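Q: coords below, sequence missing:
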């Protein structure tokens, strides 16, 4: 099959790349654009490790064809904050000791960032549902909640 | 080791909550896992897997697949001369030879330019099978006449048990009995069980059943293999033990160990599932055949269908007690379904059944049974949650039948240091009593009657707790600590950091040597450069590698002081390390900096040796670790759905080297076993096919399913642990299923003995009990 030109905005940069028309956005990012921050944990949209923003909304990039991103804006974990200038969520995750194995973390951060962009002061329940599409097997989510709550400036309500 | 050395008091090290230094890499997506590696010339591998649980392979025709453009290799068992019919482990069964023994067993392998081409090639391989009867239920499979799983004469594999806390004094029998699928047996007994039952006032008999569950690590198994022109193999692996991976691959492929280098990449979760080699040997073969780097990444479906899950465990307990609460006799039978290959931790489970509470007479029989299902492996305190689910549910029922306080009843019969275990070894120092007492003081326990009475609109409320633990593993290990020319420290081990252990090891080095943590760098080396280190398993990384790092740091400190003593013409015992200087005690002006000493060890023509602290200990003393957990829940009486309102973990960690990391372990372990308790099960049909091969159908808990997990750390020092630390990783996964079953009983009055505690099971049990 002939490759096609995918032109889109990737982490604020105009980008063009040749991709097979059958590849997912996740595979195009990882294999063709060398952005390996988004992870494949299941390939079926159930684990959330591949979460990126498509026009600002969180999507499972394993369920989106790369060509569906044509002319649109994609943000990955690599475009959330830089190593030397972390996004407040990234900073809170590090300080509060959230990451263990780390495999789910890029997806969780993208989901949390999208949540806070839409709802800057979520309740605890809204945070829990905001990251309910992201499976984590290491942390039990407790420290994740603390970090997102801190950034949101939300009162640490016991339960919504 | 000189006795004059003491830990420098004001050093920033052990006991501080310090975030992991790899945090920034992890939150920016920069940390590299195997699947993130893409060397030039990379080929992608796929495996053709059996659709049948048990079948004879009549023929395999790969000719159409071989000619597909982009395909670089198609191999079958016939292409790997090292393969043996009597494969002792799953790793040895690289590809099926002439019989498949579980759905998902690899039959052929492809390497191609693109993953899509490799997938297409699988469709072009023609395999003809003659389907054979399958043994899919362990209780049927252990009977004489069941369809055989292993080739006759295959030896049982008990190596897994060693990493997780081996026990002695158990009569184990690994020769196949008449029942061909019983691969291991254990037997323990003491006293007159028949007499004990005859003299009992109350006899309770229940069978507890826990299905196969998957460890659930988010990163599927992955490996990258590449050979160089000198015949040296490099494996980039997602493993819990790079030296173990090297040994297994060397053995299976009959290679000298020093021709293999295993580079442990960041491990995206293991929990016991990434101890044994799984796809490393076949990937190495494909790389050798093609002369190209080959990457293999399992899909989630392959993980669920053909990973190495935790076993199904069926435990029958029959107990006899007196009205006054005196324990009289226990009869236990445990069946561990090991799937297609042997490897279950049978003896420890059998010992625990009759050791945690002190039964004067007992008889325990244990069986490992093979079935035509994926073979099992460890899962965080292997079979401990299962064993404790049975023991603790049982103790709770006895207490309630006798009308006794369940905590007091447990405490009355609970083991303590020096008391005999079922195998007649003495219990070692442990904090079981302390954690149980501590959780019983928790307001959520004290106020459980108010909580139970507070349910509105028919909602049922309840509270449950349970006590569990494990013996803790041991394995020889090694570490080095070097002093750099700038006065910083360099720690090297081969230990894979799957749990935040590297920061804790660095803290141990800082405190033992006498510098602040920010002066310590720790590296996990590959198998070519690192000192031999054991598995990251069995809650033993800090307990054993921590000792190696501590002793290596003390050794480096001693060398540093000896060099300084010569420089300063002072006695070693008069020196101490303060603010990165070696000074004479009480004379802070007289000193030499660590950087000066480090530099002299690295100067041309220098006569000062470089500081290289080394330690490579072996161990004999385990440190049992205990944990108590409490769940405050609500049950919907119509649907049977459980909502957890609060969950508390109280754990004895000996000494929290890094409390932040310890809390994370406690919270994560608890949530894994809450999943085991409420939602998780690999379900198979009567042909041995998995019926829930996706994460949509295999339900893991999300943030929306859970409350915050409260952690209470108890520190009862382990006599042989570094700074008193004992194992942390495994205990928190142990008590939750029993705690939740006890809470469900408190709320609803029904006792469930089969996991998971699904809404259907709870609602049906409630409907039956109200009839």
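A: Yep, it's here. Just so you know, these numbers come straight off a predicted model, no measurement behind them.
Q: in chain B, which helix or strand is least confident?
A: When each helix and strand of chain B is scored by mean pLDDT, DSSP states H and E, helix B:159-163 comes last, with a mean of 56.
Q: Could you list the low-pLDDT ranges of chain B?
A: For chain B, the stretches flagged by pLDDT under 70 are B:1-10, B:158-178.
Q: biggest helix in it by residues?
A: Ranked by number of residues, the top helix in chain B under DSSP state H is helix B:546-568.
Q: Then chain A?
A: helix A:105-118.
Q: Could you list the buried residues of that helix?
A: A:105, A:106, A:107, A:108, A:109, A:110, A:111, A:112, A:113, A:114, A:115, A:116 (16 or more other Cβ atoms under 10 Å in any protein chain shown). Every C-beta, even on glycine, is put in place using the N, C-alpha and C of the backbone.
Q: quick one: which of these is nearest to chain B?
A: residue A:106 (4.5 Å; Cβ to the nearest Cβ).
Q: Residue B:266: neighbour count?
A: Neighbour count for residue B:266, taken as other Cβ atoms under 10 Å in any protein chain shown: 21.
Q: nope, residue B:578 is what I was after
A: Using other Cβ under 10 Å: residue B:578 sits among 17 other residues.
Q: so it touches residue B:588, yeah?
A: Yes: when contacts are counted by Cβ atoms under 8 Å, residue B:578 is listed as touching residue B:588 (7.0 Å).
Q: Now do the spatially closest residue to residue A:100 that is not a sequence neighbour: how many residues are near it, please.
A: Spatially, and ignoring its direct neighbours in sequence, residue A:100 is nearest to residue A:138 (3.5 Å; Cβ to Cβ, 6 or more residues apart in numbering or on different chains). When neighbours are defined as other Cβ under 10 Å, residue A:138 has 30 of them.
Q: Hmm, residue A:138 is touching residue A:105, no?
A: No: between residue A:138 and residue A:105 there is no contact under Cβ under 8 Å: 9.5 Å.
Q: got the contact list for the residue in chain A that chain B sits nearest to?
A: The nearest approach of chain A to chain B comes at residue A:37, 2.3 Å away (Cβ to the nearest Cβ). Residues in contact with residue A:37, defined by Cβ atoms under 8 Å, 6 or more residues apart in numbering or on different chains, are A:76, A:77, A:78, A:106, B:28, B:29, B:30.
Q: Now do the strands in chain A.
A: Per DSSP state E, chain A carries strands over the ranges A:4-10, A:13-19, A:51-54, A:57-60, A:73-75.
Q: Tell me where the model's unsure across chain A.
A: Looking at chain A by pLDDT under 70, you get A:154-160.
Q: switch the cut-off to 90
A: Chain A contains residues with pLDDT under 90 at A:1, A:83, A:153-160.
Q: mind listing what's buried in stretch B:738-752?
A: B:738-748, B:750-752.
Q: hmm, that stretch in reach of chain A?
A: No: on the criterion Cβ under 8 Å from any Cβ of the partner chain, stretch B:738-752 is out of touch with chain A, staying 14.8 Å away.
Q: just how off-centre is that stretch within its chain?
A: Between the mean C-alpha point of stretch B:738-752 and the mean C-alpha point of its chain there is a distance of 27 Å (Cα atoms, centre = their mean, to the nearest Å).
Q: check contacts around the nearest residue to residue A:132 once chain neighbours are set aside.
A: What sits nearest to residue A:132 in space, not counting adjacent residues and going by Cβ to Cβ, 6+ apart, is residue B:704, at 3.9 Å. Residues near residue B:704 by Cβ under 8 Å, 6+ apart: A:125, A:128, A:129, A:132.
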